[in-house]
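Asker: here is a sequence with its predicted model. Questions after.
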Amino acid sequence: MKRSEINSLIHHAEDFFSEYKWRLPAWGYWTPQEWSKDPKATEKIRSTMLGWDLTDFGLGDFSKRGLLLFTVRNGSPDNRDDKPYAEKIMIVRDRQETPWHFHWEKVEDIINRGGGTLVLELNDADRETERLTERSFTVEIDGIPRRCNAGERVELSPGESITLPAYLYHRFWAEDGVCLVGEVSKVNDDNKDNRFLDELGRFPTIEEDEAPYRLLVSDYTGL
């Protein structure tokens, strides 16, 4: 992805968050120059990968398959005595798919916080082969159990949420408008706890055609 495209997407995201009165931490609005002033003070933020994040999954078409998110809080995957939870806020565009994946460790609640309808397609994973199965399974929609068949779709209106256990394949997109989507989960480890059905990239390869507007979590290694 070009840095200019990433900058434009973050500008839009800030406006979208403001529209829904969702404010980020103060450092969410820092310039790259502000980040470089005191790297020691931001060590915990960087080591737990808090902040701006987006991806096209290495497919080169962000509008079709992509996701923009901001990790608000997270514990350390390597220190179980740290906080055991994470929270994200995401923007899912109309018909923009996050492809099939599951997590070996993470259990998560996905919440439609406003906008259009969030559509999730679900499928149980085989524990040995890690491929799709034909088994039925149970999820919770706002705490209410729902039995689902393989490949079943669940639609979440604003205010509704779903709990996704480990080893449950899911993909999702928005319909009838852009969705503001929340995630509350166990500790998030994007380096080791994402199992995509197809081999995909988690972080984008960036063409630096202009200076960054905000740093991404993948930019922290440069500090």
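Answerer: Cool, the structure landed. Numbers count the residues shown, from 1 in each chain.
Asker: tell me the centre residue of this structure?
Answerer: What sits nearest the mean C-alpha location of the chain, by Cα atoms, centre = their mean, is residue 69, with 5.3 Å.
Asker: mind checking the SS state of it?
Answerer: strand (DSSP: H, G, I helix; E, B strand; the rest coil).
Asker: which residue ranges of the chain form helices?
Answerer: Along the chain, counting by DSSP state H, helices occupy 3-19, 32-35, 43-47.
Asker: tell me which of the ones you listed is the most buried.
Answerer: Mean neighbour count (mean count of other Cβ atoms under 10 Å) peaks for helix 3-19 among those, with a mean of 16. Where you see a C-beta, it was placed from the backbone N, CA and C, and this is true even at glycine.
Asker: give me the neighbour count for the residue lying closest to residue 24 once chain neighbours are set aside.
Answerer: Closest residue to residue 24 apart from its sequence neighbours, by Cβ to Cβ, 6 or more residues apart in numbering: residue 70 at 6.1 Å. Look at residue 70: counted by other Cβ atoms under 10 Å, it has 24 neighbours.
Asker: contacting residues for the closest residue in space to residue 17 that isn't next to it in sequence?
Answerer: Nearest non-adjacent residue to residue 17, counting by Cβ to Cβ, 6+ apart: residue 24, 6.7 Å away. Contacts for residue 24 (Cβ atoms under 8 Å, 6 or more residues apart in numbering) come out as 17, 70, 72.
Asker: list the contacts of the last one.
Answerer: Right, the one you point to is residue 72. 24, 25, 50, 87, 88, 89.
Asker: what about residue 48, neighbour count?
Answerer: Residue 48 has 23 nearby residues by other Cβ under 10 Å.
Asker: and the contacts of residue 24 as a markdown table, adding distance to residue 190?
Answerer: Shown next, in a markdown table, are these (distance: Cβ to Cβ, whole Å):
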| residue | distance to residue 190 |
| --- | --- |
| 17 | 21 |
| 70 | 13 |
| 72 | 14 |
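Asker: and of those, the nearest to residue 32?
Answerer: Residue 32 lies nearest to residue 70 out of those, by Cβ to Cβ, at 16.3 Å.
Asker: tell me the contacts of the closest one?
Answerer: By Cβ under 8 Å, 6+ apart, the residues touching residue 70 are 13, 24, 28, 51, 52, 53, 88, 89, 90.
Asker: longest strand in the protein, please.
Answerer: strand 168-186 (DSSP state E).
Asker: could I get the contacts of residue 70 in CSV, plus columns for distance to residue 134 and pLDDT?
Answerer: Formatted as CSV, the contacts of residue 70 follow (distance: Cβ to Cβ, whole Å; pLDDT from 0 to 100):
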residue, distance to residue 134, pLDDT
13, 38, 98
24, 42, 98
28, 43, 98
51, 40, 98
52, 39, 98
53, 34, 97
88, 31, 98
89, 35, 98
90, 30, 98
